[in-house]
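> give me a 3D structure for the following:
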Amino acid sequence: MVADLDDSTPHSSCRISHMEVLRADARDEIKRRIAERGAFSGQLVLAVTSSLAVAAAGGDRFIRVLLAVPPAVAFFVLMILHSCRIHEAIVGYLRWELEPRLSAASGTPLRLEWETYYGARHMPGLHKGFYRAVLVLCAISFPAIVAIAEKEGLYFWLAICLGLGYLVGAGAVCVYDSRLSRRMSSRLRRFALRSPGTPRWWPPRHRHSPSRRIAVFVGRDGTINEETRCLHDLREPSLIEGAIDGLKLLASLDVFVIVVTNQAGIALGKYELSDARRFNRKLMSRISRSAGRVDAVYFCPESEDGLGSAGLPDSSCSKPNPGMLQDAAADFDLDLPRSFIVSNKVRDLVAGRALGCTTILVSTSQGGLGGAAGAVDPDYQAGDFSDAAKLIRSQVMDPAPLANPTV
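Got it, this is the predicted structure:
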C-alpha cells in the first residue's frame with residue numbers, strides 16, 4: 001500500500017509505508033477474528049442442540065448425554081472471549097498508535113477506521129441471533145441438567161464435567177496462541193503486539209527481540225531488479241538472479257528489509273508519481289509471492305541536481321543524501337549503526353556511510369566504485385545479492401568482522 005501524500009506540499013520522500021501495510025494486516029486479522037467467533041458460535045449451538053436431540057430421542061437411556069452441555073458451553077465461550085481479547089488488542093493499536101501516525105505522516109485527518117471494528121454492533125462478531133439462541137437453549141437444557149443431576153445423584157460428575165470443559169478450553173487457548181503467533185503477519189506481530197496495549201497473556205518472545213531494530217537497506221534498480229529504461233512501463237518487475245534467494249534468506253532473519261530508490265524521472269517529467277507507486281507495488285507483490293519479504297519501499301521523486309518541475313535544490317532525500325534512510329529510521333525505530341545498506345552503486349553506499357551503516361557493494365549490474373562525489377570504499381563486496389544476504393546473516397549471527405571483505 002502507498003501512504004498518499006499531499007502533492008502540493010514539499011516532502012522528503014514518498015513511501016510504500018509499513019504503516020499502510022500494517023493497517024491492511026490489522027484489518028485482515030480483525031476480520032479473521034470475527035469469522036472465527038462466528039464459527040465457534042455455530043459449533044456451540046450445534047453441540048448443544050445435538051445433545052438435546054439425542055437426549056430427547058433416546059429417553060432415559062441417553063438422558064445423561066445432557067451432562068456434555070455444560071463443558072461444551074464452557075469451552076466455546078472461553079474461546080470466543082479469548083478471540084475478543086485479541087480483537088481488542090489489535091483495535092487498540094489501530095486507534096492509539098497506527099492511525100495517528102498515518103495521519104501525521106500524510107497530513108490528512110484521522111480516518112477512524114478502528115470505529116468500524118470496535119462498535120457495539122461490530123465487536124462481538126457474532127450473528128445477531130446467536131445470543132438469543134444460546135439463551136433459549138440454556139433455558140431449556142440447564143434446568144433439565146440440574147434435575148437429572150439431582151435425580152441420579154450426579155452432582156459430582158456435573159462439577160467434573162464443568163471443570164473438564166474449562167481445562168480443555170484453557171489448553172485449547174494455549175495451542176491457539178501458539179498457532180496464531182506463527183500464522184499472524186510478521187509485521188503485525190512485530191508492531192501491534194509489541195505496543196503498550198499488548199495484553200500480558202501474549203507470549204513474551206513475540207513482544208520483544210533486541211535484533212528487531214536492525215535494517216537492511218536495499219537499492220532497487222541494478223541491485224535486486226534489472227536496470228532498464230522506463231521501468232514504470234514494465235508489466236512485471238524483472239528480478240536479478242540471486243535477488244529472490246537473498247530476499248528469502250533475509251526473510252528468515254529478524255531484520256527489516258527496506259528498499260530505497262531514487263526516482264528523479266518524476267521530477268524530470270518522464271513518468272508520473274502514480275507510475276512509480278504502481279511499479280513498487282508490483283515489485284513487493286512479486287517478492288511476496290516468491291516467499292521473500294520487503295517491509296517498506298521508500299522512493300525520492302526529486303532530482304538530485306534540482307532539475308525539473310518537482311526538483312528541489314540540494315534534495316535531502318535523493319541519494320547520496322541520507323533522507324530516505326532517516327525517514328525509515330524514524331518510522332521503524334532503527335539502530336542505524338547496526339544496520340546494513342546493499343547496492344550496486346557507491347552513491348547509495350555514501351548515504352549509508354553517513355549514518356554509520358555497514359556498506360556492501362554488489363557487482364550485479366551497472367554501477368561501481370566510481371561516479372559519486374565523496375565516494376567511499378565499501379566495507380564489504382559481494383558477487384550478487386544472495387552473497388550479500390549470506391554475509392549479513394553471518395554478521396547478524398556473529399557480529400565479529402570478517403577477515404576477508406570480499407565474498
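> hey, where'd the strands end up in the protein?
14-16, 215-219, 256-262, 296-300, 340-343, 358-362, 380-382 (DSSP state E).
> columns distance to residue 98, mean pLDDT and mean neighbour count on top of the ones you listed, output as JSON lines?
C-beta: built from backbone N, CA, C; applies to glycine. Listed next are those as JSON lines, based on distance: least, C-beta to C-beta, whole Å; pLDDT from 0 to 100; neighbours: other C-beta atoms under 10 Å:
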{"stretch": "strand 14-16", "distance to residue 98": "15", "mean pLDDT": "56", "mean neighbour count": "25"}
{"stretch": "strand 215-219", "distance to residue 98": "20", "mean pLDDT": "93", "mean neighbour count": "28"}
{"stretch": "strand 256-262", "distance to residue 98": "17", "mean pLDDT": "89", "mean neighbour count": "26"}
{"stretch": "strand 296-300", "distance to residue 98": "14", "mean pLDDT": "84", "mean neighbour count": "26"}
{"stretch": "strand 340-343", "distance to residue 98": "27", "mean pLDDT": "95", "mean neighbour count": "29"}
{"stretch": "strand 358-362", "distance to residue 98": "30", "mean pLDDT": "93", "mean neighbour count": "27"}
{"stretch": "strand 380-382", "distance to residue 98": "36", "mean pLDDT": "91", "mean neighbour count": "22"}
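> nearest to residue 89, out of those strands?
strand 256-262 (22.2 Å; C-beta to C-beta).
> I'd guessed residue 383 sits against residue 361; true?
No. Counting by C-beta atoms under 8 Å, residue 383 does not reach residue 361; the two are 10.5 Å apart.
> next, format the strands of the chain as CSV and append distance to residue 99.
Supplementary listing: the strands of the chain in CSV, determined by distance: least, C-beta to C-beta, whole Å:
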stretch, distance to residue 99
strand 14-16, 17
strand 215-219, 24
strand 256-262, 21
strand 296-300, 18
strand 340-343, 31
strand 358-362, 35
strand 380-382, 40
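> tell me where this protein has helices.
In the chain, the helices defined using DSSP state H lie at 18-58, 69-93, 99-106, 114-118, 130-152, 155-183, 186-191, 243-251, 264-267, 273-289, 323-332, 346-354, 385-397.
> where does this structure dip in pLDDT?
Applying pLDDT under 70 to the chain flags residues 1-19, 21, 58-64, 66, 105-212, 229-236, 302-316, 364-375, 398-407.
> what do you get if the cut-off is 90, keeping everything else the same?
Within the chain, the stretches with pLDDT under 90 are 1-214, 220-222, 225-242, 251-256, 261-324, 326-335, 345-348, 363-378, 383, 394-407.
> can you list the domains in it?
Annotated domains of the chain cover 18-206, 211-397 [automatic domain parsing].
> pull the number of nearby residues for residue 291.
11 (other C-beta atoms under 10 Å).
> same thing with residue 376?
16.
> check residue 46 too.
11.
> and what of residue 82?
That count, for residue 82 with other C-beta under 10 Å as the rule, works out to 21.
> measure it to residue 56 for me?
According to C-beta to C-beta, to the nearest Å, residue 82 and residue 56 sit 32 Å apart.
> cool, and residue 275?
68 Å.
> isn't residue 246 up against residue 389?
Yes. Applying C-beta under 8 Å as the test, residue 246 and residue 389 come out as touching, 3.6 Å apart.
> tell me who's in contact with residue 386.
Neighbour list for residue 386: 242, 243, 245, 246, 249 [criterion: C-beta atoms under 8 Å, 6 or more residues apart in numbering].
> ok, 7 Å please
By C-beta atoms under 7 Å, 6 or more residues apart in numbering, the contact list for residue 386 reads 242, 245, 246.
> most surrounded residue in those?
Within the contacts of residue 386, neighbour counts (other C-beta under 10 Å) peak at residue 246, which reaches 29 neighbours.
> got a list of what that one touches?
Residue 246 makes contact with 385, 386, 388, 389 under the criterion C-beta under 7 Å, 6+ apart.
> go on, residue 213?
333, 334, 335.
> rerun that using 8 Å as the cut-off
Residue 213 is in contact with 332, 333, 334, 335, 338, counting by C-beta under 8 Å, 6+ apart.
> most neighbours among those residues, please name it.
Using other C-beta under 10 Å as the neighbour criterion, residue 334 leads the contacts of residue 213 with 23 neighbours.
> what's the spacing between the nearest residue to that one once chain neighbours are set aside and residue 321?
Of all residues not flanking residue 334 in the chain, residue 215 sits nearest, at 4.8 Å (C-beta to C-beta, 6 or more residues apart in numbering). Distance of residue 215 to residue 321, given as C-beta to C-beta: 18 Å.
> kindly report the same for residue 228.
25 Å.
> residue 336 too?
Counting by C-beta to C-beta - residue 336 and residue 321 are separated by 15 Å.
> same deal with residue 225?
Distance check for residue 225 against residue 321: by C-beta to C-beta, it reads 22 Å.
> higher neighbour count, those two?
Ranked by neighbour count (other C-beta under 10 Å), residue 225 and residue 321 place residue 225 first, with 25 against 21.
> contacting residues around the more buried one?
231, 237, 238, 239, 240, 243, 283.
> and which of those residues is nearest to residue 74?
Of all those, residue 74 sits closest to residue 283, with 49.5 Å by C-beta to C-beta.
> tally of neighbours for the closest one?
By other C-beta under 10 Å, 23 other residues sit near residue 283.
> shouldn't it be in contact with residue 237?
Yes. When contacts are counted by C-beta under 8 Å, residue 283 is listed as touching residue 237 (4.5 Å).
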